[in-house]
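Asks: Mind looking at a prediction? Sequence and model below.
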Amino acid sequence: MSEPGPESIPTSADPRSKRPVKRRAVTPHSEHATQIESLFRDPTKEIKLPDPSKQRTSSSLPPPPEIVANVQGSSAGAGSGEFHVYKASRRREYERLRLMQSEVDKEAEDKEWEKKREEARRKDEEKTEKNRKRREKRNAKKGKKNAANGDKMVVDEVGKKEVGPSVHQDGEKEVGDAPVEATEVTGVIIHED
């Protein structure tokens, strides 16, 4: 039996030792910190990033063999090596089928999304057209009111001259376009529809 003392302490844990302490458990955080420290040691060193992985499709996988000369199964009696060959070929085939199914599902989702987008666009156009017709109808109505009220005096944009037929003291209208000075009215103008 060993006696308790400095000899029983591991060398890396001994405070007198100059060796770095061994790190037993590496956490993702500490591993990342170590990688960053190594990058900062030599800033001139070129950093090579891995290429982005490409999306796997059924066409990117090798096609299944055309002719299978030696059909194998997972039944008893096959050799121990044959089982792993069978499992690998089955895994490849299932992966190929899964990718083909995911492509079909994605196409169906894309068609459905395109259909919904087209429907929403059509509804927006219908609503816009309806509002446009309503607006034109309202503006046409206003235009008729302004044309019907042609007897009233109209003040031009400057607000100082009166344009239109003027009325004499005896109630007769003057046909000429003689501008008459008008007083500018201050206050709030309310237009009723």
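Replies: Looks like it came in fine.
Asks: use CA for all of it now, contacts and neighbours both
Replies: OK.
Asks: Could you report the pLDDT at residue 83?
Replies: On the pLDDT scale, residue 83 is placed at 78.
Asks: and what of the one 10 residues further on?
Replies: The score at residue 93 is 88. That number is its pLDDT.
Asks: count of neighbours near it?
Replies: A count of nearby residues for residue 93, using other CA atoms under 10 Å, gives 15.
Asks: Against residue 146, how distant is it?
Replies: Residue 93 sits 79 Å away from residue 146, going by CA to CA, to the nearest Å.
Asks: cool, residue 186 as well?
Replies: From residue 186 to residue 146 the distance is 22 Å (CA to CA).
Asks: Of these two, which one has the most company?
Replies: Neighbours around residue 186 and residue 146, counted as other CA under 10 Å, are more numerous at residue 146. The numbers are 12 against 6.
Asks: Return the backbone torsion pair for the more buried one.
Replies: In terms of degrees, to the nearest 10, the main-chain angles of residue 146 are phi -70, psi -40.
Asks: Let the chain start at 128 from now.
Replies: Got it, first residue is 128 now, which makes that one residue 273.
Asks: Tell me the pLDDT of it.
Replies: Residue 273 is given a pLDDT of 75.
Asks: Let me see the contact set for it.
Replies: Contacts here follow CA atoms under 8 Å, 6 or more residues apart in numbering; on that basis residue 273 touches nothing.
Asks: Neighbours of residue 221, how many?
Replies: 12.
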